[in-house]
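Trainee: Show me the folded form of this:
(3 chains)
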Amino acid sequence: MKQSRSQRALGRLLPTLVLIASAIFFAFPLLAMARFAFQNLQVIDLGWNNLFEKWSFSSITASFSDDFFAEALTLSLKLAVGTALFTLGLLIPTAVWVHLRLPKARVFVEFLTILPYVIPAIALVAGIVVVKPHARWFLNSDYSLIPFYVVLALPFTYRSIDTGLRAIDLKVLVEASRSLGSTWIATLFRVVIPNLRAAIISSTFLTVAVVLGEYTISDVLLKRTFPSFMAQYRQSDPRGGYALAILALLGTTLLFVAIGVLSKSRSTRPQQVSRSQENEILV
Amino acid sequence: MTSLSFTGIRKTFGTTVALESFDLALQPGELVSLLGPSGCGKTTALRIAAGFEIPDTGVVSLGESVITDTPAHRRNMGMVFQSYSLFPNLTVAQNVDFGLRNRKVEKAKRNSRVGEMLELVQLGELGKRYPHQLSGGQQQRVALARALAVQPEVLLLDEPLSALDAKVRSTLRDEIRRIQTELKTTTLFVTHDQDEALAISDRIGVMSNGRLEQLGTPEDVYLRPASPFVARFVGSINELPNSNGVGKILMRPEDITISENENELTMRGTVTRVTFQGPVTIISVRVDINDQLVNVHAASGSIHVQVGDRVSLAVTPGRGIVEAA
Amino acid sequence: MAFTHTSPKKDEGVVATAAAPLLFSVLRRVSAWSGLIPFFLFLILFLFIPAISVFSQALHDADGSFGFSAMREAISGQNLDAFIFSLKFSAGAAFVGVVFGGFLAYAAATATRPRWLRNIVSSFSGVAANMGGLPLAFAFLSLLGRQGLGTKILNAFGWDLYAGDFKLGEVSGLITVYSYFNIPLMVLVTLPAIDGLKSSWREACANLGGSAWTYWRRVGLPILAPSLLGGFLLLFANSFSAYATARQLTDNSKIVPLRISFFLGGDISIGEDAVGYSLAAWMIILMGISMAAYWLLRRRAERWSNS
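Mentor: Residues are numbered from 1 along each chain as shown, chains lettered A, B, ... in the order given. Model (predicted):
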């Protein structure tokens, strides 16, 4: 018994080291950024004695009063909402249709949803620039970014909704609803969408994260979104720019924690117990 | 042929006691089933035998040697899991060959053994297929062949038929028994299906809440249940008031006699349903004494009653089991 | 004779009744696909048209007529250097991401205590994988830039980070920075694959006399291989095409995405313009090959997890 216990402990050592090393690697850059943003002290002058001095939020509060802050933030938030709604409105009916009427097309549609990786943002915006003269009426509006953002988020959002549909027995639910007299629209809104709550929340938050972080397209098309504002502000006030970045990160993190919490409460993992048993012995 | 024994085994998971004090000795060559509802500890006992769990206290022995601390991969046992245990990236033949390769058997011997095993489970021509190309029943046959290829001292089966269709289940069940008796392998078979256990076991261990309630032949367990739990779990049971007024008496439907004459036997009641089941007819009677529903088995044609008729019932002395209040 | 007059009509009738079920099934097939029209239309308008436009602009000669000279120029000289540089560091970043991401995914998937660990890793991976270029660039500038906190700490230990080749905009720097989103992306892709390794396989292997090493060598890694390779390709594509982060870290145009934006912005003549689009076109082709391979591997992996 003693021997296997120490063997087990050794087996847990490597994964634990990996986890600790990862935690350090991922935390340090953020900590360094936070320090730079909120501590008004240059690195050269930093020492053990003044480690806790000159901390303040002034760098970020200063940015709030910038002329373009409110404008940029509002635009990005509007774009985020618009993209999320467009995504749901396009993908939910599509995914439902594929599951119900055209299961053979599922593979093909999934393939289509990874195409945004084939045509990444920088290439996409190059193509937009070509089309610009012919579609000026459309591309002049800031909201024209929305469909392109939908494309950028497509791999993640479609996967999320598809997974959600696979978890419920869509065919049976729809047939039951129809046999009880509901129309297709009513079925969609009263049966399908409520059962997709986790997937909808998850893909909405993903969309918001993508939109709030998207820089490539808005930079080339000269739109004044929040990330563009961040880059610009940083030129004049580096500490402020970094502070804004931290703000954006915190917001996105909160969203993802929310996704994690929401999906945990709904997931069932039947292998869970046996997996823990396995790891006791067979690590 | 080796014996397998559990002595004083206790296992807890956190605050749950999976096995309280488990004692069981399998004779060489016999097939013992562990039968019980989910959570009764039967799977835990099996996994302790396999080496996937280590008991808190107690001893597991294989023949003369104590194996409680032996790692799983050094016990010479074969195991068939409930489902999905075939390695999906290997062919059927490579799966069956797996244990032989680990034991460094030479190639020629391995190939002939693999062929032999596949013939034994009647899948001779499917050696080159992959698991995902086989049906559930075929996959379990391959799993059996794979487990037996290394000539294990003990065969462990963890509800191997539960995930299969009913028809496949009964064929495969009989095959497992046939192979087991042919090879004379000591076997521990875990199931929650009493028909399976009754059909193939030399002895059955009925378990509940981490305890062995009764260990006996299928006949013992069915006709002479040692506790109310066993009486209820194996076969169907009726609950009748005890003749002395205290507690209940649990009776099998075929141990209750029925008479069309209301006054002939001790208990009176009214027929609520008559279900013809071929050789046997089930007559449901609501007894006057406590308004309970009693199901009686009668040979078809031996009695003619209809819904609403008044009848009388009697228990067969010496059968059934008393349950205290 | 009467028959010859009436037979054409009869034939028509026969043909018509034979065609009806065929027509019907064709109509059914068409109507089944019609539900996907909005989605296809959307992709055509906002994905395919820009993509095709890139190619249409790329296939121009110096004088503006149709030709392949721009495409050729896009993979020669400095442009070729940029492609090679991008390939090198993308492959390197992908490799680092696969190795560390794979280990991290395994560590998170098999962790039993504490119970919230896996969720934290999974949630954080979601954030970090989608992390917009700017916060990431800023974070590493403040950590490993010349005035960075980390640089100073390392100096205190006697290690001058900038003594050698290191610069955030060079291969080693970019690989380090890109790992920040590559490792989490690998975790996101690999966690489900590791979950798909059924515990019964592990136990069956042990039961048949195999040690942990045997299991990984003959069962575990072979089954994970498609996912790991697919992950590599995904990370490669992701690293190659990343733009925003690189833009903040370096203003030269050593990598392809930066070169593309360099060609597209500012005052450029028609000829140069086409080279920029050619760069983008070649990038699309390269990404297309990578993602096609990724797709095939993913299908392979799914087949095994469904058995």
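
Trainee: who in the stretch 51-200 of chain B is up against chain A?
Mentor: Contacts of the stretch 51-200 of chain B with chain A, taken as Cβ under 8 Å from any Cβ of the partner chain, map to B:51, B:52, B:53, B:54, B:69, B:71, B:72. C-betas here are computed from N, CA, C, even on glycine.

Trainee: Which strands or helices does the helix or strand hosting residue A:33 pack on?
Mentor: Residue A:33 is part of helix A:2-38, with elements assigned from DSSP states H and E. Secondary-structure packing of helix A:2-38 (3 or more Cβ pairs under 8 Å, 6 or more residues apart in numbering or on different chains; DSSP states H and E): helix A:58-64, helix A:238-266, helix A:272-282, helix C:77-110, helix C:117-129, helix C:133-144, helix C:149-156, helix C:171-195.

Trainee: again, only using 6 Å
Mentor: Contacting helix A:2-38 under the criterion 3 or more Cβ pairs under 6 Å, 6 or more residues apart in numbering or on different chains; DSSP states H and E are the following elements: helix A:238-266, helix C:77-110, helix C:133-144.

Trainee: Save those helices as a markdown table, and put in mean pLDDT, mean neighbour count and distance to residue B:318 too.
Mentor: Shown next, in a markdown table, are these (pLDDT from 0 to 100; neighbours: other Cβ atoms under 10 Å in any protein chain shown; distance: least, Cβ to Cβ, whole Å):
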| stretch | mean pLDDT | mean neighbour count | distance to residue B:318 |
| --- | --- | --- | --- |
| helix A:238-266 | 76 | 19 | 55 |
| helix C:77-110 | 90 | 20 | 57 |
| helix C:133-144 | 85 | 26 | 83 |
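
Trainee: so which of the ones you listed gets nearest residue B:186?
Mentor: Of all these, it is helix C:77-110 that lies closest to residue B:186, at 33.8 Å by Cβ to Cβ.

Trainee: and that closest one, is it in reach of chain A?
Mentor: Yes. Contact of helix C:77-110 with chain A (Cβ under 6 Å from any Cβ of the partner chain) involves C:103, C:104, C:107, C:110.

Trainee: by contact count, what packs against that helix?
Mentor: Applying 3+ Cβ pairs under 6 Å, 6+ apart, we find helix C:77-110 packed against helix A:2-38, helix C:171-195, helix C:221-241, helix C:256-264.

Trainee: average pLDDT for the first one?
Mentor: Confidence for helix A:2-38, expressed as mean pLDDT, is 78.

Trainee: What residues of it count as buried?
Mentor: A:12, A:15, A:18-19, A:22, A:26, A:28-30, A:32-38 (16 or more other Cβ atoms under 10 Å in any protein chain shown).

Trainee: roughly how far apart are residue C:122 and residue C:227?
Mentor: Using Cβ to Cβ, to the nearest Å, residue C:122 is found at 16 Å from residue C:227.

Trainee: more neighbours, the two?
Mentor: Between residue C:122 and residue C:227, residue C:227 has the larger neighbour count (other Cβ atoms under 10 Å in any protein chain shown), namely 25 against 21.

Trainee: I'd say that one and residue C:193 touch.
Mentor: Yes. Look at residue C:227 against residue C:193 with Cβ atoms under 6 Å: they come within range, at 3.8 Å.

Trainee: residues contacting residue B:313?
Mentor: By Cβ atoms under 6 Å, 6 or more residues apart in numbering or on different chains, residue B:313 lies in contact with B:256, B:258, B:265, B:267.

Trainee: Who are the contact partners of the third one?
Mentor: Yep, that's residue B:265 we're talking about. Taking Cβ under 6 Å, 6+ apart, one finds B:259, B:312, B:313, B:314 in contact with residue B:265.

Trainee: Produce a ChimeraX select command limited to the buried residues of those residues.
Mentor: Provided next is the ChimeraX selection string for whichever of the contacts of residue B:265 are buried by 16+ other Cβ under 10 Å:
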select /B:312,313
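
Trainee: Just name the closest of the contacts of residue B:265 to residue B:97, please.
Mentor: In terms of Cβ to Cβ, no member of those lies closer to residue B:97 than residue B:313, at 60.9 Å.

Trainee: Now for the residue lying closest to that closest one once chain neighbours are set aside, how many residues are close by?
Mentor: Nearest non-adjacent residue to residue B:313, counting by Cβ to Cβ, 6 or more residues apart in numbering or on different chains: residue B:267, 4.4 Å away. For residue B:267, the neighbour count with other Cβ under 10 Å is 20.

Trainee: right, and residue B:267 touches residue B:287 too?
Mentor: Yes. Residue B:267 is within contact range of residue B:287, at 5.3 Å (criterion: Cβ under 6 Å).

Trainee: where in the stretch 201-325 of chain B is pLDDT low?
Mentor: Applying pLDDT under 70 to the stretch 201-325 of chain B flags residues B:325.

Trainee: do that again at 80, thanks
Mentor: Low-confidence regions of the stretch 201-325 of chain B, defined by pLDDT under 80, span residues B:241-245, B:318, B:324-325.

Trainee: what's the answer for the stretch 1-150 of chain A, then?
Mentor: Residue ranges of the stretch 1-150 of chain A with pLDDT under 80: A:1-12, A:39-67.

Trainee: same thing with the stretch 151-300 of chain C?
Mentor: For the stretch 151-300 of chain C, the stretches flagged by pLDDT under 80 are C:151-171, C:250-253, C:263-273, C:300.

Trainee: who in it is up against chain B?
Mentor: Within the stretch 151-300 of chain C, the positions adjacent to chain B are C:198, C:200, C:203-204, C:206-211, C:219, C:222-223 by Cβ under 6 Å from any Cβ.

Trainee: Narrow these to those in helices?
Mentor: The helices, defined by DSSP state H, take in C:200, C:203, C:204, C:206, C:207, C:222, C:223 from those.

Trainee: Mind putting these into TSV with neighbour count and distance to chain A?
Mentor: Shown next, in TSV, are these (neighbours: other Cβ atoms under 10 Å in any protein chain shown; distance: Cβ to the nearest Cβ, whole Å):
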residue	neighbour count	distance to chain A
C:200	21	8
C:203	26	7
C:204	27	11
C:206	26	6
C:207	29	11
C:222	15	18
C:223	22	16
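
Trainee: rewinding a little: now, among the residues of helix C:77-110 next to chain A, which is nearest to chain B?
Mentor: The closest of those to chain B turns out to be residue C:110 (Cβ to the nearest Cβ; 15.6 Å).
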